[in-house]
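Trainee: Provided below for reference: sequence and predicted model.
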Amino acid sequence: MAQPNLNLIEALRRTANKLKKGAPYQWGHMGSCNCGNLAQELTTLTKAEIHQHALAVGRGEWQEQLNDYCPTSGLPMDLLITDILESGLTSSDLQHLERLTDRRILERLPREKRYLRHNFRDDVVLYISTWADWLEEQLLNTIILPSLGEVKKEEYA
């Protein structure tokens with residue numbers, strides 16, 4: 001499960017906003033699919049560079065890349081995945097993102113919206129936005145404010 005942190009939440013929100021505003025989206029393209037669009041926000045790579053990294057090893061889907069991921073290989077795609085994982089995500093999070101299948105995120109949606117199409121822009125925006133909201137709630141729940149104590153009546157008399 002993703003580790004809630006401000007950088008990840010902001011990257012998710014930027015991704016959703018860019019997609020909502022018409023950023024390039026093509027589910028079959030490693031750099032402009034669900035994971036590819038988020039990867040652009042978490043790294044300095046362009047969609048073309050991400051796609052090139054993926055095709056360099058001959059696998060064209062995130063699921064396959066994540067299944068074969070080796071953090072010590074030195075391959076560009078594995079280095080990219082390492083960068084993404086260092087943002088607080090897990091391989092499982094990315095696999096779910098590519099297919100929009102994380103039950104914990106889907107359960108936060110109204111019942112009639114829980115059957116998302118993994119290759120439909122509006123559904124991707126909804127999923128990513130909901131995920132960002134959920135992570136933000138988790139992050140806020142970790143913040144403990146100091147007790148101010150009771151204010152003495154005479155101080156305000």
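Mentor: Received the coordinates, thanks.
Trainee: just for this protein, where's the confidence low?
Mentor: 59-60, 149-157 (pLDDT under 70).
Trainee: show me where this protein has helices.
Mentor: In the chain, the segments counted as helices under DSSP state H are 6-20, 34-42, 47-56, 62-67, 76-85, 91-99, 103-106, 121-141.
Trainee: show the contacting residues for L94.
Mentor: 35, 62, 66, 81, 84 (CB atoms under 8 Å, 6 or more residues apart in numbering). Any C-beta I mention is one placed from the backbone N, CA and C, and that applies to glycine too.
Trainee: how close does L145 get to G74?
Mentor: Separation of L145 from G74 (CB to CB, to the nearest Å) stands at 45 Å.
Trainee: before we move on, back to that, which of the helices of the chain is buried the deepest?
Mentor: Counting by mean count of other CB atoms under 10 Å, helix 34-42 has the highest mean neighbour count of the helices of the chain, with a mean of 24.
Trainee: that one vs helix 47-56, what angle?
Mentor: 120 degrees (axes from the mean of the first three to the mean of the last three CA atoms, to 10 degrees).
Trainee: quick one, phi psi at K21?
Mentor: phi -90, psi 0 (degrees, to the nearest 10).
Trainee: residues in contact with N34?
Mentor: 27, 62, 97-98, 100, 118, 124, 128.
Trainee: and with 7 Å instead?
Mentor: Contact analysis of N34 by CB atoms under 7 Å, 6 or more residues apart in numbering lists 97-98, 118, 124.
Trainee: same drill for L145 and G74, tell me which one is more crowded.
Mentor: More crowded of L145 and G74, by other CB atoms under 10 Å: G74, with 8 against 5.
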